[in-house]
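> the following comprises the amino acid sequence and a computationally predicted model.
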Amino acid sequence: MADTKRHVLVCNNVDCRARGSDAVREALCARVAAGEVTNVEVTAYPCFGGCDFGPNVVIYPDKCFYSGVSEGDVPEIVAQLQGGPPVTRLTGKVDPMTEELIFELLDAGLV
């Protein structure tokens with residue numbers, strides 16, 4: 001996966017933004033800009049459909065769907081992007097069918 005560009009998609013819909021997704025995205029962007037991880041693009045994404053559980057962050061193509069993400073979780077997400085394990089405490093909150101739909105859309109090239 002070292003040669004594959006990874007995308008960190010941060011929801012920017014009204015619910016996630018009200019819960020702090022802008023701060024999460026800005027913190028991730030700062031860590032990428034500082035060179036802590038390479039071949040990673042952080043992007044705002046319109047909505048993942050898990051509004052009740054946000055802020056939501058998806059790492060693709062890793063297919064990690066994180067919910068309830070705060071700025072304090074950014075170091076662990078960066079560690080994953082550096083080759084560490086997924087942050088499992090942030091997974092499994094959104095309906096699995098919603099997650100699968102998002103991954104199918106991303107697999108279809110909607111990144």
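Alright, I've got the coordinates.
> can you pull the buried residues of the one helix or strand V74 maps to?
In this structure, V74 sits in helix 74-81 according to DSSP states H and E. Buried residues in helix 74-81, defined by neighbour count with 16 or more other Cβ atoms under 10 Å: V74, E76, I77, V78, Q80, L81. No exception for glycine: its C-beta is placed from N, CA and C like everyone else's.
> what pLDDT does the second one get?
When you say that, I think you mean E76. E76 is assigned a pLDDT of 97 by the prediction.
> if I look at the spatially closest residue to it that is not a sequence neighbour, how far off is Q80?
Spatially, and ignoring its direct neighbours in sequence, E76 is nearest to V87 (4.6 Å; Cβ to Cβ, 6 or more residues apart in numbering). With distances taken as Cβ to Cβ, to the nearest Å, V87 is found 6 Å from Q80.
> and for the two, which residues touch both?
Jointly contacting V87 and Q80 under the rule Cβ atoms under 8 Å, 6 or more residues apart in numbering are C64.
> show me what V40 is bridged to.
Each beta-bridge partner of V40 is listed here, defined by DSSP bridges: R6.
> that one against L81, yeah?
Yes: applying Cβ atoms under 8 Å, one finds V40 in contact with L81, separated by 5.7 Å.
> packing partners of the helix holding V74?
With contacts taken as 3 or more Cβ pairs under 8 Å, 6 or more residues apart in numbering; DSSP states H and E, helix 74-81 sits against strand 6-11, helix 21-33, strand 57-60.
> again, 10 Å this time
Packing partners of helix 74-81 (3 or more Cβ pairs under 10 Å, 6 or more residues apart in numbering; DSSP states H and E): strand 6-11, helix 21-33, strand 40-45, strand 57-60, strand 64-66.
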